[in-house]
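Asks: 3D, please:
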Amino acid sequence: MNLFSQNIVITNEEGENINNQTVEIEFDNTLSLHEFVFNIQNTGNTSIELTVTRVTCDLPETATSNFCIGDGCFPPHVTTTTLNIAGNSTMPNNRSDYVTNGKAGNATVKYEFSYSGGETVFVELHYTINDKSGINDIEAAKTFNIYPNPTNDKVFFDCDVEEESVIEIYNLVGQKIKTQNITSGISTTVISVSDLSSGAYFCTLSNSKGIQQTKRLIVQ
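Replies: Below you'll find the predicted structure:
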């Protein structure tokens, strides 16, 4: 008996079952951030401890991938998380985020879902990013990491940039909330977000050539 396929169902935004499927995604590199939203449903009667693992292959240089499961958004270096899902319930609006940083090319991001006593199922995202802007010629930042994420106090930005740059935090309607200038080289910048309302924000790293990288920040 295949207990896993009976109990765990991964669906897209339209509610279609995408267990063990490859999803083709195509967009232009003028889009800095692509979000693929999926739902995790436990159709069994008992709660399970589910392990979600992200496997990333062949990302274009400087492009990044990270995921948001439940209330947590994880930086690119985190590839595995464990969560409890109650019986006969759905955890909606999970995301796979793909940040192009202006780079065109192909990429594959695979998610595996497993729990004790069940078979592993997967969803594989195959990205085709078209070169439409010439932005590939921009010298992107070598490093732009933010942590902790989520946070309710301070957020740290690890940066390695070639020239003087600026970190900006925007809300979801595009309003600029905070700005911090940084010098060239390797640095760690701290910004307090304790005064911000709970929710999602975008953090951008820009220089004279434009936006270099974009990250999502969750404030609790």
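Asks: List the residues that contact S184.
Replies: V161, E162, E163, E164, S165 (C-beta atoms under 8 Å, 6 or more residues apart in numbering). Glycine gets a C-beta too; all of them are placed from N, C-alpha and C.
Asks: hang on, the first one packs against I167?
Replies: Which is V161. No. Here V161 does not reach I167: they are 10.1 Å apart, not a contact under C-beta atoms under 8 Å.
Asks: Format the contacts of S184 as TSV; extra columns: secondary structure.
Replies: Shown next, in TSV, are the contacts of S184 (DSSP: H, G, I helix; E, B strand; the rest coil):
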residue	secondary structure
V161	strand
E162	coil
E163	coil
E164	coil
S165	strand
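Asks: biggest separation within those, which pair?
Replies: Largest separation among the contacts of S184 by C-beta to C-beta: E162 and E164, giving 9.4 Å.
Asks: How is T108 assigned, secondary-structure-wise?
Replies: Applying three-state DSSP: T108 is strand.
Asks: Tell me if I'm right that it and L125 touch.
Replies: Yes. Using C-beta under 8 Å, T108 is in contact with L125, at 7.0 Å.
Asks: Look at the two and report which has more neighbours.
Replies: Remark: of T108 and L125, L125 carries more neighbours, 23 against 15, as counted by other C-beta atoms under 10 Å.
Asks: Which strands border the strand or helix carrying T179, and is each parallel or antiparallel?
Replies: Using DSSP states H and E, the element containing T179 is strand 176-182. Strand 176-182 has the following sheet partners, assigned by DSSP bridges: strand 165-170 (antiparallel).
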